[in-house]
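Asker: coords please:
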Amino acid sequence: MDELIGRLATNASIDSAVAEKTVGIILGFLRNEGPSDSVQALIDQIPGAEAAIEASRSGGGLSRLIGGGLMAVGTRLMGLGLGMSDIQSIARELFRYGRDKIGADQMGKIIAGTPGLSQFA
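Answerer: Residues are numbered from 1 along each chain as shown. Coordinates of the predicted model:
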């Protein structure tokens, strides 16, 4: 997880704490909306990913009000102070990291199999 957070903080120019929250939110979204086998393969390659996903769920009532899907993820990420260009940079860096960890084919399955995600690839 530290490697991924460091890459996001450096390449997307965001704070490490925000990067960690962002990873949890995005991986949680992928787990719920993406192809489960490929997403789980990615999560398994990121030490600390499960804890980050669990920590990102502590949104309480706000998460329930926002709903689900890509729009909810965007709203939650913007709530961390990220703009659309930040989110795109983070997504691209996360996809690069994923390709390094599970290969381009598996990452491609995640991107193609998750509604709305291809616009960030």
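Asker: this protein: helices as residue ranges?
Answerer: Shown for the chain, the helices assigned by DSSP state H span residues 2-11, 16-33, 36-44, 49-56, 61-66, 69-79, 84-102, 104-113.
Asker: and these, which one is worst for confidence?
Answerer: Note on those: helix 61-66 shows the lowest mean pLDDT, a mean of 50.
Asker: picking up where we left off before, pick the most deeply packed of the helices of the chain.
Answerer: Most buried of these by mean neighbour count (mean count of other C-beta atoms under 10 Å) is helix 16-33; its value is a mean of 21. The way it works is simple: take the backbone N, C-alpha and C, and place the C-beta from them, glycine included.
Asker: tilt between that one and helix 36-44?
Answerer: 160 degrees (axes from the mean of the first three to the mean of the last three C-alpha atoms, to 10 degrees).
Asker: give me the residues contacting helix 16-33.
Answerer: Residues outside helix 16-33 that contact it (C-beta atoms under 8 Å, 6 or more residues apart in numbering): 1, 4-6, 8-9, 12, 14, 39-40, 42-43, 46, 49, 52-57, 68-70, 72-73, 76-77, 80-82, 90-91, 94, 110, 114-115.
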